[in-house]
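S.K.: Just the structure for this:
(chains A, B and C)
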Amino acid sequence: MLKLAIKSLANRKTSALLTVIAIAVSVALLLAVERVKEQVQANFANTVSGTDLIVGPRSGDVQLLLASVFHIGALNNSMSWQSYEKLSQNRQVEWSVPISLGDSVSGMPVVATTAGYFQHFKYANQQPLKLQHGEWFNHSEQAVLGADAAEKLDFRVGDQLIIAHGTGGISFSQHSGHPIDVVGVLKRTGTPVDQSIYVDLKTLEDIHGGETASEAEEHAHEHTGHDEHADHHHPTSAISAALVGLKSRQMALFMQRDINTADGEPLTALMPGQTLQQLWKTLRVFEQALNGISAIVVIIGLLGMLTILLASLRERSREMAVLRAVGAGPGTLFTLLVTEAVLLTIIATASGLALLYILQISLAGVIQQQTGLLFALQWPTAAEWWRMLFVVVAGFLMSLVPAWRAYRQSLADGLTVKV
Amino acid sequence: MAYAIEIDHLAFAWQGGQLTLDIPHWQVETGESVLLRGPSGSGKSTLLSLLAGINVAQQGNVSLLDQSLSNLSGRKRDRFRANHIGYIFQQFNLLPYLSALDNVLLATQFSPKRRQRVAESGQSAEQLAIQYLKRLGLSASQQQQAAANLSVGQQQRVAAARALLGAPELLIADEPTSALDSDRRDDFIKLLLELSEQNNTTVLFVTHDASLGQYFNRHVELSDINRAAGGSPHA
Amino acid sequence: MKYSLKVMMSTALLFLASQNMAFASEKIGWKDLVPEGFTPPPVKPQSYYDQNPEEAEQKFLDAPVVQALDGKKVKIPGYVVQLEGNADAVTEFLLVPYFGACIHVPPPPPNQIIHVKFEEGVPYENTYDAVWVEGTISTQRTDSDLAVTGYSMKADSVTVYQ
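M.R.: Numbers count the residues shown, from 1 in each chain, chains lettered A, B, ... in the order given. Now for the predicted structure:
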């Protein structure tokens, strides 16, 4: 039966091939939606751990989270150093780390922070940051690179880099007067940390303080007061956000409200876990919409197969009569058609999976460069297997229609068929 | 068992039509070769469909090899046909995408009895099939050709081989030579009957051409045995 | 003979029943987490506390726990506020009595929050609505007035609230 089905399909190579291609592409789409969702979720979920609050200038929760931790998007304003100091002195706060964003090196984000970042920042399951080479910076004019940043920019410990203003790939405003020494490279984390370049808070302040030596001299008397003041009281006047760890995690809800409703500078405090939850909830709607659409595309592909099978019945009525003459019953013809359809569907589904892997392998590099997301190569997940099963079952159900027609037709035609 | 075919008080009409067949009595003995003649539309195809077990008589009895077909379910009739009847159409007998050899081997695919008889012969089905094809004049390369690439004459010979493989007791041929030119026609009939005789196969050969009667044991006119005048919708 | 057999069987059943009761989780509500007879200080309007955050904090922290619950196996429904999670599920969270502990609603006090750890993880889809959390609850003792007393729980199972 199987051999017969295969030879029968091979006879109608063109239409069979077109059907396979159509279904394969739709299957690749169906699987891709699931895979992208899984990978994005995995990437995001593992990025921050052990941080109770992220505090920044008044903005949306998701915007603040994405900008401060994922370096996606930007913050339009900043948080004053005074607010940060007040926060870090709150008796419920165990530790706090300020961060400043906005500069880059060849498009890779520069994060200005303190030694506290290396101490307190954790990812995945409470994993701390570790150094692959060298050490964390201990004064300005020093930088530590994430694993991907070091690789992409081809920097090693001992090299020098120039920070550019803004986050674009090419900046026309470089701080070439202040070359920075690379003193450390971090171990790979699989998070946006890998794409980042870490410098001391003071570094950015120094850089933005004066473009060139001569300019600095010119404005020296203007800035002297400011700089002295800066050095004396705080390394910088404003930061982008602060990561906060509390003495008691239960206090997170209270502290969040406390900061959000405090008088003075308008700030936003978010709980990273809670914000991610909200993010998933929002994305879920998109995910479901995409799932719905790709399911429809699969159905369309299968309908194409149905059409081809139905159309072929007319030509094949002679075949059916021949098979009946040698003793095949109408039930056998039914089975033959179902077998052909299921065979086509299985081949198409396997091709779709292969297509997805090919796409993933070829695009993984680009995706990582553009978004920092690591799309890991792995065997299909349970969810993906279920989707493939859904496609095969749908193909099977569709095949019942032409199979039933063939059954009835052969009963009616018997052995006498007009050709 | 004396009679390969025995028909008793048969009456059959297609849905909503007049009686196509009204046959009080007819017999064909085992090993006989019978030429059944009748003009187009006289009900030949209807009779064949009843003998092949595709349709069932509304009244009366059709028995093949002492087995009454009216008592059998559709499935059983299909099985009976597979096991005991070799069938040849006028044309387009073969599955175009299978080779000549694979087409012949279809004979045993649905029939345990034929497989059994092949096994008893001591040779494999493939070997026997090749022998038949060779005897019917197809070269080794032609045997492997997709059926679609063979000439009509060659296709009919392949059909004959398929009908004979596994030695079914009854061979029904529905105008098998109508599509052949006269040279080939005579050769074909002679060969078919020769091979059938080897297995003591009963042959029922249906045609509109009366001149072929010389080759057969008996020549029967359908109008002699059939009282009804109505034709079949498939005429 | 029959009589003594009956006695033995009933004793055995009672014994088993009591054992079962010890292992089964007790369903509790959020009110059970607040000691009976505890009268909170007079409530001022929320805007007052917004103006005086120090007082708000004091009022907030003045939330005693029920020590008797320490070590008990309980089952309590609530909403999940994620602290830690992985690619598919939430592994550490705060369980709160109502949804939306955000800017417009005052946050629940420490004796109305349970810090839950659940290694197996609650799938994200399940965290958008209420869940049942079953596990061993424990209370922390206050050493200094800076540390917060509160409830924590090691969860055995987290299921969707029907």
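S.K.: Low-confidence ranges, chain B, go.
M.R.: Residue ranges of chain B with pLDDT under 70: B:1, B:229-235.
S.K.: And the residue of it found nearest chain A, how close does it get to chain C?
M.R.: Across chain B, the shortest distance to chain A (C-beta to the nearest C-beta) belongs to B:Ala82, at 2.2 Å. Just so you know, the C-beta spots here come from the backbone N, C-alpha and C atoms, and that holds for glycine as well. Distance check for B:Ala82 against chain C: by C-beta to the nearest C-beta, to the nearest Å, it reads 55 Å.
S.K.: Looks like that residue contacts A:Leu323 (just checking).
M.R.: No - with contact defined as C-beta atoms under 8 Å, B:Ala82 does not reach A:Leu323; the gap is 10.4 Å.
S.K.: Counting neighbours, go ahead and name the busier of those two.
M.R.: B:Ala82 (27 against 22; other C-beta atoms under 10 Å in any protein chain shown).
S.K.: ok, that one - contacts?
M.R.: A:Val326, A:Gly327, A:Ala328, B:Phe110, B:Ser111, B:Lys113, B:Arg114 (C-beta atoms under 8 Å, 6 or more residues apart in numbering or on different chains).
S.K.: A:Thr51 now?
M.R.: The contact partners of A:Thr51, by C-beta under 8 Å, 6+ apart, come to A:His120, A:Phe121, A:Lys122, A:Leu243, A:Val244, A:Gly245, A:Pro272.
S.K.: Ramachandran angles for it?
M.R.: phi -100, psi 120 (degrees, to the nearest 10).
S.K.: For it, give its distance to A:Asp200.
M.R.: With distances taken as C-beta to C-beta, to the nearest Å, A:Thr51 is found 20 Å from A:Asp200.
S.K.: cool, A:Glu85 as well?
M.R.: In this view, A:Glu85 and A:Asp200 are 17 Å apart by C-beta to C-beta.
S.K.: Please identify which of those two sits among more neighbours.
M.R.: A side-by-side neighbour count of A:Glu85 and A:Asp200, using other C-beta under 10 Å, places A:Asp200 first with 24 against 13.
S.K.: How many residues are close by B:Asn71?
M.R.: Residues contacting B:Asn71 under the criterion other C-beta under 10 Å number 11.
S.K.: I'd like to know how far it sits from C:Ala89.
M.R.: To C:Ala89, B:Asn71 is 65 Å away according to C-beta to C-beta.
S.K.: can you check C:Val81 too?
M.R.: With C-beta to C-beta as the criterion, C:Val81 and C:Ala89 are 15 Å apart.
S.K.: higher neighbour count, the two?
M.R.: Neighbours were counted for C:Val81 and for C:Ala89 using other C-beta under 10 Å; C:Val81 has more, 24 against 19.
S.K.: wait, what's in contact with that one?
M.R.: Per C-beta under 8 Å, 6+ apart, neighbours of C:Val81: A:Ala252, A:Leu253, A:Met271, A:Gly273, A:Gln274, A:Gln277, C:Phe93, C:Leu94, C:Leu95, C:Val96, C:Ala101.
S.K.: and A:Glu384, that one's in a strand?
M.R.: No - read with DSSP: H, G, I helix; E, B strand; the rest coil, A:Glu384 is helix and lies in no strand.
S.K.: Give me the pLDDT value at it.
M.R.: Note for A:Glu384: predicted pLDDT of 90.
S.K.: Also the one 5 residues further on?
M.R.: Reading off the per-residue confidence, A:Leu389 sits at a pLDDT of 94.
S.K.: Repeat that for A:Leu18.
M.R.: Per-residue confidence (pLDDT) for A:Leu18: 89.
S.K.: got the phi/psi numbers for B:Gly16?
M.R.: The phi/psi pair for B:Gly16 (degrees, to the nearest 10) reads phi 70, psi 10.
S.K.: Secondary structure element holding A:Leu337?
M.R.: helix A:330-371 (DSSP states H and E).
S.K.: Give me the distance between the residue of chain B closest to chain A and B:Pro168.
M.R.: 9 Å.
S.K.: now the helices: where do they sit in chain B?
M.R.: B:44-51, B:74-84, B:100-109, B:112-120, B:125-135, B:140-144, B:152-164, B:182-198, B:222-225 (DSSP state H).
S.K.: Now do the fifth one: everything it contacts.
M.R.: Same thing as helix B:125-135. So helix B:125-135 is contacted by B:100-101, B:104-105, B:108, B:115, B:118, B:121, B:123, B:140, B:142-143, B:157-158, B:160-161, B:164-166, B:191, B:195 (C-beta under 8 Å, 6+ apart).
S.K.: cool, and the fourth one?
M.R.: Residues external to helix B:112-120 that are found in contact with it (C-beta under 8 Å, 6+ apart): B:Ala82, B:Asn83, B:His84, B:Ala107, B:Thr108, B:Ser124, B:Ala125, B:Leu128, B:Leu165, B:Gly166, B:Ala167, B:Pro168.
S.K.: That helix: which residues count as buried?
M.R.: By neighbour count, with 16 or more other C-beta atoms under 10 Å in any protein chain shown as the criterion, the buried positions of helix B:112-120 are B:Lys113, B:Arg114, B:Arg115, B:Arg117, B:Val118.
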